[in-house]
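Enquirer: have a look; sequence and predicted model below, questions after that.
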Amino acid sequence: MGNWTSYQTAVETFLRLKGLEAHLAATDQAFESDEKGTERRQWEADDELARAVIILNIRGAHPEWLEKACTEQGGAAVLWIQIKDNRVKGGNEQKAELGVLKQQKRREDKDEQWMTALLMFMGAMVFVSIIKA
């Protein structure tokens with residue numbers, strides 16, 4: 001998902017400027033009795049805007065879990081929590097994979113050094129046999 005700090009800052013700043021930062025934390029909202037349901041409808045419209053901001057600020061490839069999270073029902077806070085949780089999990093998986101790749105590279109480097117030394121030794125042996133001949 002690219003740079004998490006930039007993404008998080010963009011989403012949180014925009015929602016704060018629009019007065020919608022509560023939508024990142026509130027998974028369940030209580031409403032006062034309103035015959036017309038105006039307050040609830042306003043919350044739901046604002047929540048959809050918050051979800052759109054979260055989704056539209058995502059750059060790069062979308063992992064499968066993110067595609068699923070973006071299409072599932074649930075408020076902006078639920079989506080935000082899923083992204084934050086998977087970011088941590090994904091980051092750890094990427095670090096582990098990077099560690100494995102580094103170990104593999106070190107092994108390959110050692111193999112290459114060993115092969116170079118062997119070839120040099122064989123070259124020296126050929127040279128010695130030519131001189132003795």
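Expert: That came through fine. Numbers count the residues shown, from 1 in each chain.
Enquirer: mind checking which helix or strand W65 is in?
Expert: helix 64-71 (DSSP states H and E).
Enquirer: what residues of that helix count as buried?
Expert: Across helix 64-71, burial judged by 16 or more other Cβ atoms under 10 Å covers 66, 69. From N, CA and C alone the C-beta is placed, and that goes for glycine too.
Enquirer: gap between I54 and R16?
Expert: Here I54 is placed at a distance of 13 Å from R16 (Cβ to Cβ, to the nearest Å).
Enquirer: over to K105?
Expert: According to Cβ to Cβ, K105 stands 43 Å off from R16.
Enquirer: name the helices or strands packed onto the helix holding W65?
Expert: Using 3 or more Cβ pairs under 8 Å, 6 or more residues apart in numbering; DSSP states H and E as the contact criterion, the secondary-structure elements in contact with helix 64-71 are helix 76-132.
Enquirer: packing partners of the helix it packs on?
Expert: Using 3+ Cβ pairs under 8 Å, 6+ apart as the contact definition, the elements that helix 76-132 packs against are helix 4-17, helix 38-56, helix 64-71.
Enquirer: what residues are up against H62?
Expert: Taking Cβ atoms under 8 Å, 6 or more residues apart in numbering as the criterion, H62 is in contact with C70.
Enquirer: that one: what secondary structure?
Expert: coil (DSSP: H, G, I helix; E, B strand; the rest coil).
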